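Peer 1: generate coordinates for the sequence data below:
(chains A and B)
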Amino acid sequence: MTDQNTTLDEPSFPSLWQLRSRFPNEAACLEYLTAKRLQAGDLCGTGQECKFSIDRGVSALLRCRTCLRRYSPRTATLTYNSNISLLKWFELLWLFSAMPEGLTVDFVRRYLGISHVAAWRMLLNLRLHIDAQRRSVQFGGDGRPVVMTWTNLRVRTSRRRTLLVFALEDGKEISSLTCPDRRTKYIRHFLSERITQPAQLIIPDRFDCKMAVRRYGNSVVVRDSSDPVGRAGESSFVADLNGWVKRIYKHVRPDYAALYVREKEFRVALDNSSGRMFARLMKSFPAIER
Amino acid sequence: MVVRSQPTPYDRDKGVVCRASFSARFPDESSCVAHLERVTGDQFRRSESLALRHDPELSAGRSSVQLLALSAAVSKLPVIVWFHAFYLLASARFGLPAVFLERYFGLGAAEVRELMCGFDLCLGSIAAVEPFDGSKPVQIDETLLKCQTDSEADDGGVTILGISDQERVLAWPVADRTRATLIPLIVAHVPRCSEIYTDGWKAYRILSQLGYEHRYVRHNKNEWLSSNGANTFAIDSFWAYLKRMIRLARGHVDRFELDSCLLEARVRFSHRQNPAALLESVLSL
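Peer 2: Got it, this is the predicted structure:
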């Protein structure tokens, strides 16, 4: 089934029509995904070097030669347990990266001809996938400077009106934490997860969690608000966060706010370039999520 | 696991045509040209005459498909691109950013601008401009819209007057919100003896003396629905729609494109519950 000559590099599609010519039907998408899964290897989750082959008896199933289990190529991926065709999933990935600022459920529903709930679930799965992919971003090491910024994110709820978003920035790379308040435990956990010591943490002078940061043992440089290097709260990421949510999604619920922030982080980190975003999504798309 | 590879008619009942259904109907250039020829009754042929593009009389008395055929005839873009661009623009609730269309078709900014101007032209032909008939109460309100302008002295605020009868909306940019500016426009578009709902702005107080049945709500007293049923919910929802459309699809609006922006918002707002009807109107499906 799989053509050995199939290009497995993430192809770039300057237009959706080129994507459609590369993936004209469900079989082409499945073939691509199968080839990617065969290339990736470990599907059983045993940690061993599993070898897969395509089960000739049952179309489009992968069979592990070690444990003899059979898997669908969609198993444990973004599309697992979804009744939506791969064709639509591929189009969704392209639309997600091509829409300059964000993709609404309403547009997906109308464009793909699916129900509102299905469109919402697809986008939720995609944001969860991005969240999982971006959890391992690391900063610092060798005393590299990392700028820490924060902002309040307005969310739609009757009780708590805002959430706190902390962001670590090193050039274009960003990592964020969305938490309900500024308790020390959140910041400590965040810093211990994301920063490799030694690192120089640049925080704004009006940042009132300095002690929490210092206690963790960071080399802290407190910048004056007028200093352009450490103008926390005025970086493009946090400054535009509330405006972006209001502009594209109107409002977000507190349960999902972290996922939306992660989406914004993904877009800013990849410079909002549709080609780079699509390539990244296609590359991580067949990755196994446990 | 059931994989739905074929388009389902799920949303067709709700007035939505999905991309797969549209592509199945117009799969190639010849099917689009055949549709244009069938609806307009003329043979479609390319024209080099750029004069057509700038003809101010172009839209007078022509249907949207005739305008589409004219726009496509003087353009170098394939007709199928026009059809699919119109499909995308008509089916998006708040319109689409130009950058998205550039990426979707792999076109340049000038070509996408051409497509969007063609769409605006077609919207102009289906937008109703006749006065209200007075059978329903009309709601009147004004809002301030921030526009981008080159002039530093100008703060960019433009006052917009809107009249809505729950089904459709008329809106114009006006110089200010004084009685002398607002009342003549209202008199020209709303028949006497109509029921008019406004907010408590003093410029509207004269309406009852002009033969209208005028009721108002006092927003400054936190009154949004008066005891006699007066409210401005419909026109307020249009303002919210207009501002969200600008934020989402355009980012900002320039002074010179304010009229086309208002026109697009009016037509989209009238069709917001049934985007398929807008598509049918534009392409005469």
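Peer 1: helices along chain A, start to end?
Peer 2: A:16-22, A:26-40, A:86-98, A:105-112, A:116-134, A:184-194, A:210-215, A:236-239, A:241-244, A:254-269, A:274-284 (DSSP state H).
Peer 1: any weak-confidence spans in chain B?
Peer 2: B:1-16, B:48-60, B:150-156 (pLDDT under 70).
Peer 1: any idea how it splits into domains?
Peer 2: B:10-126+B:278-283, B:138-253 (automatic domain parsing).
Peer 1: tell me the strands beside the helix or strand containing B:Ile163, with direction?
Peer 2: Secondary-structure assignment from DSSP states H and E places B:Ile163 in strand B:157-164. Take DSSP bridges as the rule and strand B:157-164 pairs in its sheet with strand B:138-146 (antiparallel), strand B:169-174 (antiparallel).
Peer 1: so for B:Arg45, which of the ones you listed sits nearest?
Peer 2: Of all the strands paired with strand B:157-164, strand B:169-174 sits nearest to B:Arg45, with 37.6 Å by C-beta to C-beta. Every C-beta, even on glycine, is put in place using the N, C-alpha and C of the backbone.
Peer 1: need the contact partners of the closest one.
Peer 2: B:129, B:132, B:142, B:145, B:158-164, B:181-182, B:185, B:189, B:235, B:238, B:242, B:258-259, B:262, B:265-266, B:269-270 (C-beta atoms under 8 Å, 6 or more residues apart in numbering or on different chains).
Peer 1: same check on stretch A:247-267?
Peer 2: A:101-102, A:104, A:124, A:127-128, A:130-131, A:134, A:153-157, A:160, A:163, A:165, A:167, A:174-176, A:178, A:180, A:237, A:241, A:244-245, A:277, B:244, B:247-248.
Peer 1: buried sites along that stretch?
Peer 2: For stretch A:247-267, burial by neighbour count (16 or more other C-beta atoms under 10 Å in any protein chain shown) applies to A:247-249, A:252, A:254, A:257-267.
Peer 1: over to stretch A:115-124?
Peer 2: In stretch A:115-124, counting by 16+ other C-beta under 10 Å, buried: A:118-119, A:121-123.
Peer 1: and which of these is nearest to chain B?
Peer 2: A:Ala118 (8.9 Å; C-beta to the nearest C-beta).
Peer 1: report pLDDT for the closest one.
Peer 2: We have a pLDDT of 92 for A:Ala118.
Peer 1: how close does it get to A:Lys88?
Peer 2: Distance from A:Ala118 to A:Lys88, counting by C-beta to C-beta, to the nearest Å: 9 Å.
Peer 1: ditto for B:Gln139
Peer 2: Taking C-beta to C-beta, one finds B:Gln139 at 41 Å from A:Lys88.
Peer 1: re earlier: check the contacts of strand B:169-174 for burial and list the buried ones.
Peer 2: Among those, those classed as buried by neighbour count (16+ other C-beta under 10 Å) are B:132, B:142, B:145, B:158-164, B:182, B:189, B:235, B:238, B:242, B:258, B:262, B:265-266, B:269-270.
Peer 1: tell me the angle of the longest strand seen in chain A relative to helix A:184-194?
Peer 2: As assigned by DSSP state E, the longest strand anywhere in chain A is strand A:144-154. If you take axes from the mean of the first three to the mean of the last three C-alpha atoms, to 10 degrees, strand A:144-154 sits at 140 degrees to helix A:184-194.
Peer 1: B:Ala180: neighbouring residues, count only.
Peer 2: 9 (other C-beta atoms under 10 Å in any protein chain shown).
Peer 1: confirm it sits in a helix?
Peer 2: Yes. Counting by DSSP: H, G, I helix; E, B strand; the rest coil, B:Ala180 is located in a helix.
Peer 1: whatever residue of chain A ends up closest to chain B: neighbouring residues, count only.
Peer 2: Going by C-beta to the nearest C-beta, chain B is nearest to A:Gly113 of chain A, at 2.4 Å. As a burial measure, A:Gly113 scores 25 neighbours (other C-beta under 10 Å).
Peer 1: torsion angles phi and psi at it?
Peer 2: The phi/psi pair for A:Gly113 (degrees, to the nearest 10) reads phi 70, psi 40.
Peer 1: distance of it relative to B:Gly162?
Peer 2: On the measure of C-beta to C-beta, A:Gly113 and B:Gly162 end up 34 Å apart.
Peer 1: distance of B:Gln66 relative to B:Tyr87?
Peer 2: 18 Å.
Peer 1: one more: B:Ala203?
Peer 2: 43 Å.
Peer 1: of those two, give the one with the bigger neighbour count.
Peer 2: Taking neighbours as other C-beta under 10 Å, B:Ala203 and B:Tyr87 compare with B:Tyr87 leading, 22 against 17.
Peer 1: what about stretch B:245-262, near chain A?
Peer 2: Yes. Legend: contact between stretch B:245-262 and chain A by C-beta under 8 Å from any C-beta of the partner chain is shown at B:247-248.
Peer 1: list the contacts of A:Leu19.
Peer 2: Contacts for A:Leu19 (C-beta under 8 Å, 6+ apart) come out as A:13, A:90-91, A:94.
Peer 1: hmm, try it at 7 Å
Peer 2: A:13, A:90, A:94 (C-beta atoms under 7 Å, 6 or more residues apart in numbering or on different chains).
Peer 1: can I get the domains of chain B in JSON lines with distance to A:Arg22?
Peer 2: Output for these, formatted as JSON lines (distance: least, C-beta to C-beta, whole Å):
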{"stretch": "domain B:10-126+B:278-283", "distance to A:Arg22": "13"}
{"stretch": "domain B:138-253", "distance to A:Arg22": "29"}
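Peer 1: from A:Leu16, how far out is the closest residue to chain A within the stretch 51-200 of chain B?
Peer 2: With C-beta to the nearest C-beta as the measure, B:Gly106 is the residue of the stretch 51-200 of chain B nearest to chain A, at 3.2 Å. Separation of B:Gly106 from A:Leu16 (C-beta to C-beta): 8 Å.
Peer 1: kindly report the residues of the stretch 101-250 of chain A close to chain B.
Peer 2: Where the stretch 101-250 of chain A comes near chain B, counting by C-beta under 7 Å from any C-beta of the partner chain, the residues are A:106-107, A:109-115, A:247-248.
Peer 1: try 6 Å this time
Peer 2: A:106-107, A:110-111, A:113, A:115, A:247 (C-beta under 6 Å from any C-beta of the partner chain).
Peer 1: could you dump those residues into TSV and include pLDDT?
Peer 2: As requested, these are exported to TSV (pLDDT from 0 to 100):
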residue	pLDDT
A:Asp106	88
A:Phe107	90
A:Arg110	87
A:Tyr111	89
A:Gly113	88
A:Ser115	89
A:Arg247	85
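Peer 1: on that earlier part again, which of the contacts of A:Leu19 has the largest number of neighbours?
Peer 2: The most crowded member of those, judged by other C-beta under 10 Å, is A:Phe90 (26 neighbours).
Peer 1: distance from stretch B:76-92 to the middle of the chain?
Peer 2: Distance, stretch centre to chain centre, for stretch B:76-92: 17 Å (C-alpha atoms, centre = their mean, to the nearest Å).
Peer 1: that stretch close to chain A?
Peer 2: Yes. Applying C-beta under 6 Å from any C-beta, one finds stretch B:76-92 touching chain A at B:91-92.
Peer 1: ok, back up a step: quick one: buried ones out of the contacts of stretch A:247-267?
Peer 2: Buried among these by 16+ other C-beta under 10 Å: A:101-102, A:104, A:127, A:130-131, A:134, A:153-155, A:163, A:165, A:167, A:174-176, A:178, A:237, A:241, A:244-245, A:277, B:244, B:247-248.
Peer 1: B:Gly61 is nearest to which of the helices of chain A?
Peer 2: That would be helix A:105-112 among those, by C-beta to C-beta, at 32.0 Å.
Peer 1: okay, buried residues for that closest one please.
Peer 2: A:105-112.
Peer 1: just give me the neighbour total for the spatially closest residue to A:Cys179 that is not a sequence neighbour.
Peer 2: Excluding its sequence neighbours, the residue lying closest to A:Cys179 (C-beta to C-beta, 6 or more residues apart in numbering or on different chains) is A:Tyr186, at 4.2 Å. As a burial measure, A:Tyr186 scores 18 neighbours (other C-beta under 10 Å).
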